[in-house]
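J.: Give the three-dimensional model of this entry:
(one chain, ligands or ions: 2)
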Amino acid sequence: MSEEINFPYPLYLVLSEQDCIHLPWLQVAEEAILGGVDIIQLREKNADYREFIKKAKALKEITDRYQVPLVINDAVDIAAAVDAWGIHVGQQDTPPSEIVARYGTKFRIGWSIESLSQLDSPEIKYVHHLGVSPVFRTDTKKDTITEWGISGIRQLKTLTPLPLIAIGHINESNIAQAHQAGASSMAVVSAICHSDNPREAAFALKQKIKN
Ligand code: TZP
Ligand code: MG
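T.: Ligands and ions are numbered 1, 2, ... in the order given. Presented below is the predicted three-dimensional model:
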């Protein structure tokens, strides 16, 4: 199993244009960083390659300016084209082993897990951190299976040394619990993207997880 790697990015924004309902999505990214977001993942489900790469490049300009790591969801070729810091994949996506076979150690690889048995997968040795997906059911992503709950984070923490990223209906009311249960990072979509003030939303979330 991989050694535990420090994951010093407690507030994680998962961003797609369609979820930004009040402000232009790039403005959401910048405001969220100014409010305290530590890492951003671009998660584009509808864009074609050209559009996706254009978006990834535009976002990379912002994340580079603030020295915030950029993660690309699923699209390994886009991650390579924009020299992203990391890639996040789910169980149905490119396997971590294949990413490593193609790109060596270039990327930090996040892998979403939906059941305990996935901890025993041979893929785990290629993974740097795990998405606990979802902690709670959410309207933002409906095709999910497990609801890990806060107790699931606690249980996973005893079973793997990999940093855990809590995702799924994380908001101001439960973010501290996810953190206390052992998640290294708390990932949100709507808690920031649905806010008409993403900077304040990020700030309020961050306050809850300051030790
Ligand atoms: N993976 C598991 S839940 C989820 C993803 C991408 C969506 C989380 O969105 P929200 O709005 O923070 O619940
Ligand atoms: Mg995926």
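
J.: contacting residues for the residue nearest to Gly152 when sequence neighbours are not counted?
T.: Leaving aside its chain neighbours, Gly152 sits nearest to Val132 (6.5 Å; criterion: C-beta to C-beta, 6 or more residues apart in numbering). In this view, the C-beta of every residue, glycine as well, is placed from N, C-alpha and C. Residues near Val132 by C-beta atoms under 8 Å, 6 or more residues apart in numbering: 113, 148, 152-153, 156, 164-168, 183.

J.: And Val127, by the same measure?
T.: Per C-beta under 8 Å, 6+ apart, neighbours of Val127: 2, 96, 109-111, 162.

J.: Quick check on the residue nearest to Gly152: phi, psi?
T.: phi -90, psi 100 (degrees, to the nearest 10).

J.: List buried residues within the contacts of Val127.
T.: Buried members of the contacts of Val127, counted by 16 or more other C-beta atoms under 10 Å: 96, 109-111, 162.

J.: just to revisit the earlier point, could the contacts of Val132 go into a markdown table alongside secondary structure, pLDDT and neighbour count?
T.: Shown next, in a markdown table, are the contacts of Val132 (DSSP: H, G, I helix; E, B strand; the rest coil; pLDDT from 0 to 100; neighbours: other C-beta atoms under 10 Å):
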| residue | secondary structure | pLDDT | neighbour count |
| --- | --- | --- | --- |
| Ile113 | strand | 97 | 25 |
| Trp148 | coil | 98 | 26 |
| Gly152 | helix | 98 | 19 |
| Ile153 | helix | 98 | 21 |
| Leu156 | helix | 98 | 21 |
| Leu164 | strand | 98 | 26 |
| Ile165 | strand | 98 | 30 |
| Ala166 | strand | 98 | 31 |
| Ile167 | strand | 98 | 30 |
| Gly168 | coil | 98 | 24 |
| Ala183 | coil | 98 | 29 |
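
J.: now, which of the contacts of Val127 sits nearest ligand 1?
T.: Ligand 1 lies nearest to Gly110 out of those, by C-beta to the nearest ligand atom, at 10.8 Å.

J.: need the contact list for the residue nearest to the closest one when sequence neighbours are not counted.
T.: Leaving aside its sequence neighbours, Gly110 sits nearest to His88 (C-beta to C-beta, 6+ apart; 4.0 Å). With contact set as C-beta under 8 Å, 6+ apart, His88 has these partners: 41, 43, 71-74, 109-112, 131.

J.: Check whether His88 sits in a helix, strand or coil.
T.: Assigned by DSSP: H, G, I helix; E, B strand; the rest coil, the conformation of His88 is strand.

J.: circling back: how close does the residue nearest to Gly152 get to Val188?
T.: 13 Å (C-beta to C-beta, to the nearest Å).

J.: Secondary structure and pLDDT added to the buried ones among the contacts of Val127, as CSV?
T.: Below are the buried ones among the contacts of Val127 laid out as CSV (DSSP: H, G, I helix; E, B strand; the rest coil; pLDDT from 0 to 100):
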residue, secondary structure, pLDDT
Pro96, helix, 98
Ile109, strand, 98
Gly110, strand, 98
Trp111, strand, 98
Leu162, coil, 98
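
J.: who in the chain is up against ligand 1?
T.: Proximity of the chain to ligand 1 (C-beta under 6 Å from any ligand atom) is limited to residues 14, 133-134, 138, 140-141, 144, 167-170, 188-191.
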